[in-house]
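Student: Got a predicted model here, sequence first, then my questions.
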Amino acid sequence: MPSRTMIEAIRSAMDVSMERDDKVVVFGEDVGFFGGVFRCTEGLQKKYGASRCFDAPISESGIVGAAVGMAAYGLRPVAEIQFADYMYPGYDQIVSEAARLRFRTAGDFTAPMVVRMPCGGGIFGGQTHSQSPEALFTHVSGLKTVIPSNPYDAKGLLISAIEDDDPVIFLEPKRLYNGPFDGHHDRPVVPWSKHDLSEVPDGHYTVPIGKAVVRREGSAVTVLAYGTMVHVAEAAANDTGIDAEIIDLRTLMPLDIDTIVRSVEKTGRCVVVHEATRTSGFGAELAAEVQERCFYHLEKPVQRVTGWDTPYPHVHEWEYFPGPKRVGEALIEATAKD
């Protein structure tokens, strides 16, 4: 089975989908001839033509609005927002049109569309190329929100998203594009070729939306993470020697609450990790769900490890980024005996 980077896996997902269904179209800023700023769409225009993979003007509201219209009339558009930080002009179209089309038309129209966007930091992108806006989408009824942590899941989840009959926000942690990143920024970069989950089949397969997976079994504490933070949590568990059970959520909405509850009932402790700012971040929702559903099993309050409530700083990147040291401190606190 071939080893692929996340970029190659995402490209393969679109390639497979475009080959199987001529209603699938791919577009966004520089995605056609140039192949995208991260090369996720490289070669697709040459293979499928400029009517199915094409460049859009620098207008996020126009990109999303066009995708809504395409989806309503039977196409399956995959729109790329070049960086998640740029999606705000298109947010009204996502919330007011795409998310509510099925409801407002009583099912006469739907929006089978995907909006892809690279997210997160760790690349010294500063405040305008490092944001993690997932909570802005999970708050909106009618949207599904997906964040993969590895190439295998990225391809399977993207194919599932393209085949879904409702709008899916597909967030891609850009720090994972070319290799797993555990937060140890002072160590050599590890390529995906050395990771088991880089083995990605050539053809069609799906990973179900709304299903989490246990990445590391343990009994001392449950860690809820997604995207880059899955790898950071694994590093923190290894660094501290704590027997942590790490759940890769994969999909934030719909949330696989059953997998979460089973784990927390077993461990009695929970740490939530995400890169986005702390206040009103998705971790608050996770903490509330665990508190409501697992109250009598909890031995300690739910811990959160997140980005700080500031714009993403360029100079102090690693002070902001929730690395294995901060996650490890939370694991120690969560498992400490009173």
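Tutor: Here it is on my side, so go on. Numbering: from 1, shown residues only.

Student: Could you list the buried residues of stretch 260-274?
Tutor: For stretch 260-274, burial by neighbour count (16 or more other C-beta atoms under 10 Å) applies to 260-261, 263-264, 267-274. Any C-beta I mention is one placed from the backbone N, CA and C, and that applies to glycine too.

Student: cool, stretch 64-75 as well?
Tutor: Neighbour-count burial for stretch 64-75 [16+ other C-beta under 10 Å]: 64-68, 70-72, 75.

Student: Go ahead and flag the most central residue of the protein.
Tutor: Ile147 (1.5 Å; C-alpha atoms, centre = their mean).

Student: Using the three-state scheme, assign the spatially closest residue to His195 that is not a sequence neighbour.
Tutor: Of all residues not flanking His195 in the chain, Pro180 sits nearest, at 5.2 Å (C-beta to C-beta, 6 or more residues apart in numbering). Following DSSP: H, G, I helix; E, B strand; the rest coil, we place Pro180 in the coil state.

Student: Counting by contacts, list what the lengthiest helix in the chain packs against.
Tutor: Assignment by DSSP state H gives helix 6-20 as the longest helix of the chain. Using 3 or more C-beta pairs under 8 Å, 6 or more residues apart in numbering; DSSP states H and E, the elements in contact with helix 6-20 are strand 24-28, helix 44-48, strand 76-80, helix 151-163.

Student: Only the C-alpha atoms, please, for that helix, written as PDB.
Tutor: Extracted in PDB, the C-alpha atoms of helix 6-20 (Å, rounded to 0.1, in the frame of the first residue of the first chain):
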ATOM      1  CA  MET A   6      -1.700  14.400   3.900                       C
ATOM      2  CA  ILE A   7      -1.500  16.600   0.900                       C
ATOM      3  CA  GLU A   8      -1.300  13.600  -1.400                       C
ATOM      4  CA  ALA A   9      -4.100  11.900   0.400                       C
ATOM      5  CA  ILE A  10      -6.400  14.900   0.100                       C
ATOM      6  CA  ARG A  11      -5.600  15.200  -3.600                       C
ATOM      7  CA  SER A  12      -6.300  11.500  -4.100                       C
ATOM      8  CA  ALA A  13      -9.700  11.900  -2.400                       C
ATOM      9  CA  MET A  14     -10.700  14.600  -4.900                       C
ATOM     10  CA  ASP A  15      -9.200  12.700  -7.800                       C
ATOM     11  CA  VAL A  16     -11.200   9.500  -6.900                       C
ATOM     12  CA  SER A  17     -14.400  11.500  -6.400                       C
ATOM     13  CA  MET A  18     -14.000  13.400  -9.600                       C
ATOM     14  CA  GLU A  19     -13.400  10.200 -11.500                       C
ATOM     15  CA  ARG A  20     -16.400   8.500 -10.000                       C
END
